[in-house]
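# Kindly return the folded structure for what I paste below:
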Amino acid sequence: MNNQIFSYAGMFTTSLRLVAGWTYFSAFWRRLILENKLNPEEAGYIGEKFNHFLPHALGIKPLIEHLVSNPESLWWAMASFTIIEGVVGLFFIFGLFTRLMSIGVFSLAFGILLGSGWLGTTCLDEWQIGVLGIASGFTIFLSGGGKFSLDQYLASKKIGFTQTKWFGFLGSNLLPIKDVLLSKMVIIGSIFIFGMTLFTNQYFHGGVYGKLHNLSVKPHITITNAKIENQKLSFTVFRDEGADVYGSFLIGIQLTNEKGEIIFEQNQNQLSQLSSDQIENDFVAKVKPGKHSLVLPLGARANLIFQHEAFKDLAGEYRLELTDISGAKWETVITIP
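Prediction:
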């Protein structure tokens, strides 16, 4: 009787298993079959997309920063991640080792949620993918693959490993857990997932109480380490907000003194012609000259260097201002003793 109950439960969740499985297998399909998104030299490299997660990742920011700062390690991580998504998604679709694959779905979705749950220009795209993936993985772990799964087909043929107790934990059909413990597992797991949903919705978007915010809408640049030494102006720019599908376009840099007089400036034509030795990039998403501006992709961080005789014999307080093509401005103060 219990086997029949689990068979029906798994059968009822078939559409959820197929759709969730495809969302992960399709990542492998898109990156390696339809296009090659694992080539660091081509546009669309998945490592740059991963770099976009960096500014507001929850809990895993140090890991992301380490990888995007080390291109070779990043490539291996992206290749491994893609293969895992492909295997997990395909096995999930066919219902082979369904419960083991559901743990994979849960883990992948959890990683997506923590890394990119803040992204989404028109709606909460990545957050929704993450929380629904977590819930799907947990649900399928409980139900198993059911009637329309390879697990049940192999079990009906009495294949050796399907008759072992461990297959109940890794495959489908009867979950070898007592009913009292199973009930506790369901309610505790459900409350945890719902709690994580509310917490991340509030953390990333203010979606539970207070003022809603979306960090993916408008570009923002943080300026740090600004200094003038040896007739050189240098400062670090970090693009930490805005859409991930296009850059921030810097069209002006201006340095003024306390009287508001312009000491040094660069217009969009000059910024579009910066040389490589003026830009020291930290990550795989790179600040680089565009056709009409200096382009700052989401998650990119670079030190910009300008050498000019105007920086000779300066003293006092100066204001450094950056202007985006949208009209947004960001500034910082440089004090020279």
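
# any idea which element Ala77 lies in?
In the assignment (DSSP states H and E), Ala77 maps to helix 71-94.

# what does the helix or strand of the chain with the lowest mean pLDDT rub up against?
Of the helices and strands making up the chain, the lowest-confidence element is helix 2-12, at a mean of 81, by mean pLDDT, DSSP states H and E. Applying Cβ atoms under 8 Å, 6 or more residues apart in numbering, the external contacts of helix 2-12 come out as 95, 98, 142-149, 152, 172-175. Placement of C-beta: from N, CA and C, glycine included.

# and if we set it to 6 Å?
Residues from elsewhere that reach helix 2-12, judged by Cβ atoms under 6 Å, 6 or more residues apart in numbering: 143-147, 172-174.

# Between those residues, identify the one with the most neighbours.
Neighbour counts for the contacts of helix 2-12 peak at Gly145, which has 33 neighbours (criterion: other Cβ atoms under 10 Å).

# and that residue, helix, strand or coil?
Three-state assignment for Gly145 (DSSP: H, G, I helix; E, B strand; the rest coil): coil.

# Output stretch 295-309 as PDB, nothing but the C-alphas.
What follows is stretch 295-309, C-alpha atoms only, in PDB (Å, rounded to 0.1, in the frame of the first residue of the first chain):
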ATOM      1  CA  VAL A 295      32.000  50.900 -20.600                       C
ATOM      2  CA  LEU A 296      31.600  49.500 -17.100                       C
ATOM      3  CA  PRO A 297      29.900  46.100 -17.000                       C
ATOM      4  CA  LEU A 298      28.000  45.000 -13.900                       C
ATOM      5  CA  GLY A 299      30.500  43.600 -11.400                       C
ATOM      6  CA  ALA A 300      33.500  45.000 -13.100                       C
ATOM      7  CA  ARG A 301      36.200  46.700 -10.900                       C
ATOM      8  CA  ALA A 302      39.200  48.500 -12.200                       C
ATOM      9  CA  ASN A 303      41.800  51.100 -11.200                       C
ATOM     10  CA  LEU A 304      41.900  54.000 -13.700                       C
ATOM     11  CA  ILE A 305      45.100  56.000 -14.100                       C
ATOM     12  CA  PHE A 306      45.600  59.500 -15.600                       C
ATOM     13  CA  GLN A 307      49.000  61.200 -15.800                       C
ATOM     14  CA  HIS A 308      49.000  65.000 -16.500                       C
ATOM     15  CA  GLU A 309      51.100  68.000 -15.600                       C
END
